[in-house]
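>>> turn this into a structure:
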Amino acid sequence: MGATAGFIIGYHTGTGLLLFTAVGAFFGILPDWDIILQDLGGPRHRNVWSHSLLSSAILSIMMFALWHMYPLYVPRDSWLVVFTATFLHTAADSLTYSGTRMFFPFSGRTIRGEVRYDSIAANTLLILSCPAAIIVMIPALFHKILEALCIGGF
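Purely as a prediction, here's the structure:
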């Protein structure tokens, strides 16, 4: 989902289509860094520092600050890609049986759904959604490539 968000934002802003797709993919899985820390004795998986509106805001503010410090190297709308990718990850995890405390610090309530990891229907939907997202992106990517060939550059 993060890669798709990065692609859409990159397409609509006209800056760094492939870069934003890569940034979205990276930050789309970044909230799960807590799995590694949990194995090392750190906080539990899906804690408020990795799966909440607060963590999405902190990461996007950090990216915004990077843009201000290095405007030649960090695209202007990177903060939007970071926020969207991390928040979509949190929102998707809130649909699972474990849930997330998505609106921390505004609410301590755990938002949870009925999707389980051992659900055949949920796993099939997840597996099919990735190729579907790629199929949706292909025409836009070809359009950008043809546009670049006709104009003379990305």
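>>> quick one: what helix or strand has Val23 in it?
helix 17-29 (DSSP states H and E).
>>> swap in Leu59?
Going by DSSP H and E, Leu59 is in helix 53-69.
>>> what are the buried residues along that helix?
For helix 53-69, the neighbour count (16 or more other C-beta atoms under 10 Å) marks Leu53, Leu54, Ser55, Ser56, Leu59, Ser60, Met63, Phe64, Trp67 as buried. For the C-beta atoms, the positions are set from N, CA and C on the backbone; glycine is no exception.
>>> by contact count, what packs against the following helix or strand past it?
Next helix or strand after helix 53-69 toward the C-terminus (DSSP H and E): helix 78-93. When contacts are defined as 3 or more C-beta pairs under 8 Å, 6 or more residues apart in numbering; DSSP states H and E, helix 78-93 sits against helix 2-13, helix 17-29, helix 53-69.
>>> point out where the chain drops to low pLDDT.
Along the chain, the model assigns pLDDT under 70 to residues 37-46, 48, 115-123, 125-127, 130-137, 140-141, 144-145, 148, 151-154.
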